[in-house]
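**Student:** Any chance you can model this:
(chains A and B)
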Amino acid sequence: MSALFEIRELSKYFKLGTRREEGGRNPLLLKAVDSVSFDVLAGECLGIVGESGSGKSTLGRLLLNMISPTSGQVLYDGQEISALKPESAAMKKLRGDMQMVFQNPRSSFNPKIPIVRSLHQVARLYGLSEEAAEARIRELFALTGLGQDILTHRNDELSGGQLQRLAIVRALIPGPRFLMADEAVSALDVSVRAQILELFRDMQQRLGLTVFFVSHDLSVVEYLCDRILVLYLGKILESAPADELFARPLHPYTRSLLAARPRAYPEEVREEAPLAGEIPGAVDLPPGCRFSSRCPEMVPGLCDFVEPADTEVSPGHKVACHLLRHCDKIEAGGAPEQKGCEECGASVGKEKVEI
Amino acid sequence: MSDRIPVAPLLSVQGLEVNIQSPKGAVYAVRGADFEIRRGEICGLVGESGCGKTITAKSVMRLNPEDRVVYGGRITYEGTDLLALPEAGMCKVRGQQIAMIFQDPLSALDPLQRVGKQVAEVYRLRGLGRREAAEKAVEMLADVGISPAAERARAYPFEMSGGQLQRVMIAMALAAGAELLIADEPTTALDVTVQAQILALIRELREKRGTSVLIITHDFGVVAETCDRVMVMYAGRIVETGTAAEIFHAARHPYTRDLIASIPQKGVKPVAIPGAPPDLREVIRGCAYAPRCCRVQERCMHETPEAADGAACFFPEVRP
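**Tutor:** Here you go, the predicted model:
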């Protein structure tokens, strides 16, 4: 698979103000996304997970060039779109290619006009004639299993599930190649969530869409996505194919996230203690690993001083953690608790590594 | 829990009906709900949005706008019929006996008061002196896992995270001395990691203080984490009641089974429930779930099933 998006050392800092320090005033920066690199492959569903405040949504917005990065590049089909102004004509031309579905479908439709007009507005924006728009909407309604009768309704007369379907239809009107879903099922009921997830999967397969799925819900991502990035305070701590990540989570943060997942059944036994504390703000990041302040396996003197680099533990599975970095010989396969390096004795998991 | 000697339930709801007058016509939000909560028990009330979960909980607290609501049935708390109680009597029940926490704690707290003061106010209402109340408030905040409590007590709500605020809400409920805590979607707005912490705190309350809890949620994960017993609500009625294990592994009502099948789970494809819940402004004939049910038969269309052996269904799944 070729890369649809290439993200190269992308950063987005928000300036919150200035602070008086020795040697003058320095800007107070919130590092929402901090030097992140990855590819989005054509036709894949890429999941982004992390707690609120980890930079998931900012990353999504950067991909669509809705906001300009502080540094780094976003290449779309080889073209550096991050160099274009978000409002520029060249960028607007590309917008039809990349569409978005939001968390709250109710607030993303104009409450004062019937749904049909909301959809036609979008069609007109992308240069479809009245007839073409009508045909397109009819086609998409058939594709998504929506009944024509809801077109005349306004958003307060429709259910959350219906509105989210309509939001997906609206996103598909210009015939995009790329769909970004920002917590697109988080506001929906369980019973409806399954319908919308099914629709995403169906649309992705039938239309060959590339999907960037931002979610805090690991079960949803596990079900839908091919590959997953785990984000924490603006950095990718672990990235892996979905099966691999769930079968063999290596970063302590990923493992904590998995452990925090509510049980599927009342009798399910918890293996790891849930994570203590909460995600700190992305201002004044500590030196070293960003997760060190909460990490149950933090090695003092290492993790809180040196920022870990990515280690590729198996093809496509990258982890940014000193416990792995320490020894390059940790092989692929096996549960992290049992698998360690035989030569140096380093193990991933419970035991601390001697430095 | 089932082998205990049967005692009178702490809270008993019988044939509760709630009819809300709205400009668009009357909404029959609750249509004959029956359930009970025993002492020291964590109960879950689950169902889709709009099924009447929150209205039921607010009816127990009598927090619905009383000029636009007509109640039917009985809500008995330790022998007192709450629906018959005058407002002054209800004020004694609220907080001191039954407390409620909400999905969005930020909007439930006073934005202009330090959180410590808001907790202390509860103690003041119980007759404690200013200084003693403040000390007790800090102690309580420490008890619910806020640290450093003395320092954080001086914070304003906007300075705290959602998880911390939910802890403050729980502290206020405990400060009032409530024996029954109603938690309406307490973790829906929180991160998974923080959700796990709050649910652990709720379990701890029950262990240490014997507080009974009613958790209202649409998330079966929350149920699996905390609940002893579960009530499943659909279109204003309780359609199934059972222990958590029964609901997860041997549910009898088709709705419960369908809901559980719709949860995305490892290696299992979630099955969506076709259709949508009924409009609660309309009269429902027969079983409310009949139009979406896979086991529907002629009888379901015109007769309303009463609860029998846990499930209100004419053709429930037979337990092995």
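**Student:** Kindly list the main-chain dihedrals of residue B:55?
**Tutor:** Phi and psi for residue B:55, reported as degrees, to the nearest 10, are phi -60, psi -40.
**Student:** Can you report how many residues lie near it?
**Tutor:** The local packing of residue B:55 (other C-beta atoms under 10 Å in any protein chain shown) involves 21 other residues. (Each C-beta comes from the backbone N, C-alpha and C, glycine too.)
**Student:** May I have the residues that are in contact with it?
**Tutor:** B:18, B:20, B:29, B:30, B:64 (C-beta atoms under 8 Å, 6 or more residues apart in numbering or on different chains).
**Student:** By neighbour count, which of those residues wins?
**Tutor:** residue B:30 (28 neighbours).
**Student:** In a markdown table, list the contacts of residue B:55 along with distance to residue A:50, secondary structure and pLDDT.
**Tutor:** Listed next are the contacts of residue B:55 as a markdown table, based on distance: C-beta to C-beta, whole Å; DSSP: H, G, I helix; E, B strand; the rest coil; pLDDT from 0 to 100:
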| residue | distance to residue A:50 | secondary structure | pLDDT |
| --- | --- | --- | --- |
| B:18 | 40 | strand | 95 |
| B:20 | 40 | strand | 93 |
| B:29 | 37 | strand | 93 |
| B:30 | 39 | strand | 95 |
| B:64 | 38 | coil | 91 |
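**Student:** Which one of the residues you listed is nearest to residue B:256?
**Tutor:** residue B:30 (18.7 Å; C-beta to C-beta).
**Student:** Could you find the closest non-adjacent residue to that closest one?
**Tutor:** residue B:18 (3.9 Å; C-beta to C-beta, 6 or more residues apart in numbering or on different chains).
**Student:** For that neighbour, name its beta-bridge partners.
**Tutor:** Applying DSSP bridges to residue B:18 yields these beta-bridge partners: residue B:30, residue B:71.
**Student:** okay, the contacts of residue B:55 in JSON lines with distance to residue B:131 next?
**Tutor:** Shown next, in JSON lines, are these (distance: C-beta to C-beta, whole Å):
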{"residue": "B:18", "distance to residue B:131": "43"}
{"residue": "B:20", "distance to residue B:131": "44"}
{"residue": "B:29", "distance to residue B:131": "45"}
{"residue": "B:30", "distance to residue B:131": "45"}
{"residue": "B:64", "distance to residue B:131": "38"}
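**Student:** what does the stretch 151-300 of chain A have sitting close to chain B?
**Tutor:** A:159-162, A:189-195, A:197-198, A:216-220, A:222-224, A:246, A:256-257, A:259-268, A:274-276, A:278-279 (C-beta under 8 Å from any C-beta of the partner chain).
**Student:** Return the members of these classed as buried.
**Tutor:** Buried members of those, counted by 16 or more other C-beta atoms under 10 Å in any protein chain shown: A:159-162, A:189-195, A:197-198, A:216-220, A:222-224, A:246, A:256-257, A:259-264, A:266, A:274-275, A:278-279.
**Student:** out of those residues, which are inside strands?
**Tutor:** In strands, defined here by DSSP state E, there are no members of those.
**Student:** So which bits of the stretch 101-250 of chain B are right by chain A?
**Tutor:** Along the stretch 101-250 of chain B, the residues adjacent to chain A under the rule C-beta under 8 Å from any C-beta are B:161, B:163-164, B:191-197, B:199-200, B:218-225, B:227, B:244-245, B:248-249.
**Student:** PyMOL command to pick out the buried ones of the residues you listed?
**Tutor:** Command for PyMOL that selects the buried part of these, burial taken from 16+ other C-beta under 10 Å:
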select buried, chain B and resi 161+163+164+191+192+193+194+195+196+197+199+218+219+220+221+222+223+224+225+227+244+248
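**Student:** Which secondary structure state is assigned to the spatially closest residue to residue A:104 that is not a sequence neighbour?
**Tutor:** Closest residue in space to residue A:104, ignoring its immediate chain neighbours: residue A:187 at 5.4 Å, by C-beta to C-beta, 6+ apart. Under the three-state scheme (DSSP: H, G, I helix; E, B strand; the rest coil), residue A:187 adopts coil.
**Student:** okay, residue A:187: pLDDT?
**Tutor:** Per-residue confidence (pLDDT) for residue A:187: 82.
**Student:** any idea what sits nearest the residue in the stretch 1-150 of chain B that chain A sits nearest to, other than its immediate chain neighbours?
**Tutor:** Proximity of the stretch 1-150 of chain B to chain A (C-beta to the nearest C-beta) peaks at residue B:48, 4.5 Å away. Nearest non-adjacent residue to residue B:48, counting by C-beta to C-beta, 6+ apart: residue A:189, 4.5 Å away.
**Student:** Which residues are in contact with that neighbour?
**Tutor:** Residue A:189 touches A:160, A:161, B:48, B:49, B:218, counting by C-beta under 8 Å, 6+ apart.
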